[in-house]
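> coordinates only, sequence not included:
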């Protein structure tokens, strides 16, 4: 969940009140500040904690944590040390626990604070103009399409219960099936 220049994210926010008649949602930020929004969504629940995103123009999004005991622990965050090759990380903990859960910045762990760590490697791959144009015809970048295909052919699913820190997520069961069929057809395994 990366911030765009025109939005702000607040972790550990809590939905205090949903007023469907007045079409008002009241959210309390982690610092205790209460904000009110002139809209209400049926999928939200009073008392749920999660990530509040306030967009330019005052619109908001709220994504509840899968694990409602999850809390940010910014005092334990590490800013990283580029000179020594240390990546930054954020810390979380489960309410009532002092066990640190460390992950990439802005990543939200799943149930019981668990997640699949990023173990990707960077591959530099030139792509032809035709592929770039094909992706653009669907409003996508080559990176988005390749990431989607990799997730489909490898069966990688970004379940909210056990999210992937690398962000890879299949497009669906049919897509996984067809990607696997394509791979087996294009690159059959031969026993010599």
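Looks like it arrived, so ask away. As the structure is a prediction and not an experimental result, all values here were calculated from the model.
> and residue 180, which of the three is it?
Under DSSP: H, G, I helix; E, B strand; the rest coil, residue 180 falls in the helix class.
> next up, the contacts around it.
By Cβ atoms under 8 Å, 6 or more residues apart in numbering, the contact set of residue 180 is 153, 155. C-beta coordinates here come from the backbone N, C-alpha and C atoms, glycine included.
> next: residue 176.
Residue 176 sits next to 152-153, 155, 170 when contact means Cβ under 8 Å, 6+ apart.
> buried ones among those?
Buried members of those, scored by 16 or more other Cβ atoms under 10 Å, are 152-153, 170.
> in TSV: those, plus distance to residue 21 and pLDDT.
Below are those laid out as TSV (distance: Cβ to Cβ, whole Å; pLDDT from 0 to 100):
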residue	distance to residue 21	pLDDT
152	44	96
153	49	97
170	40	94
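> now intersect those residues with the helices, please.
Residues of the buried ones among the contacts of residue 176 located in helices (DSSP state H): 152-153.
> got CSV for the buried ones among the contacts of residue 176, with distance to residue 92 too?
Formatted as CSV, the buried ones among the contacts of residue 176 follow (distance: Cβ to Cβ, whole Å):
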residue, distance to residue 92
152, 29
153, 31
170, 25
